[in-house]
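K.L.:
Below is the sequence, then the predicted model.
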Amino acid sequence: MAMPKHKISKARRDMRKANHLKVKDSNPSKCPQCGELKLSHRVCIHCGFYKGKEIVKMNGGD
């Protein structure tokens with residue numbers, strides 16, 4: 001059975017593991033209610049709607 005010849009530093013070990021934990025690029029879609037860009041499967045941060053229903057009551061602006 002193969003044995004390690006040298007100790008792997010924490011930095012090298014963590015760099016190797018970090019490739020599996022990368023955050024994927026988001027793919028925003030257009031909100032059908034207000035037309036702003038929003039993330040899929042999430043409430044629109046501009047109008048508060050999700051799947052045609054108002055989930056979050058939004059203020060009338062500034």
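P.N.:
Sure thing, it's come through.
K.L.:
Just the residues contacting stretch 25-45, thanks.
P.N.:
Contact partners of stretch 25-45, identified using CB atoms under 8 Å, 6 or more residues apart in numbering, comprise His46, Cys47, Phe49, Tyr50, Gly52, Ile55, Val56. Yep, even glycine has a C-beta here, placed from its N, CA and C like the rest.
K.L.:
Which pLDDT value goes with the first one?
P.N.:
In other words, His46. On pLDDT, His46 comes in at 90.
K.L.:
any weak-confidence spans in the chain?
P.N.:
The model of the chain has pLDDT under 70 over residues 60-62.
K.L.:
Pick out the residue nearest the middle of it.
P.N.:
Among the residues of the chain, the one closest to the centroid is Ser26, at 6.1 Å (CA atoms, centre = their mean).
K.L.:
Phi and psi next, for it.
P.N.:
phi -80, psi 150 (degrees, to the nearest 10).
K.L.:
Now do it against Ile55, distance only.
P.N.:
Per CB to CB, to the nearest Å, Ser26 is found 20 Å from Ile55.
K.L.:
and if you look at Arg12?
P.N.:
Separation of Arg12 from Ile55 (CB to CB): 45 Å.
K.L.:
Likewise for His46?
P.N.:
As defined by CB to CB, His46 lies at a distance of 13 Å from Ile55.
K.L.:
now swap in Lys5 and tell me
P.N.:
On the measure of CB to CB, Lys5 and Ile55 end up 57 Å apart.
K.L.:
Which one of these two is surrounded by more residues?
P.N.:
Applying other CB atoms under 10 Å to Lys5 and Ile55 shows that Ile55 carries more neighbours, namely 12 against 5.
K.L.:
Now that one: phi and psi?
P.N.:
Main-chain dihedrals, Ile55, degrees, to the nearest 10: phi -90, psi -40.
K.L.:
Leaving out sequence neighbours, find the closest residue to it.
P.N.:
Once flanking residues are discounted, Ile55 sits nearest to Val43: 4.9 Å by CB to CB, 6 or more residues apart in numbering.
K.L.:
Nice, that's everything, thank you.
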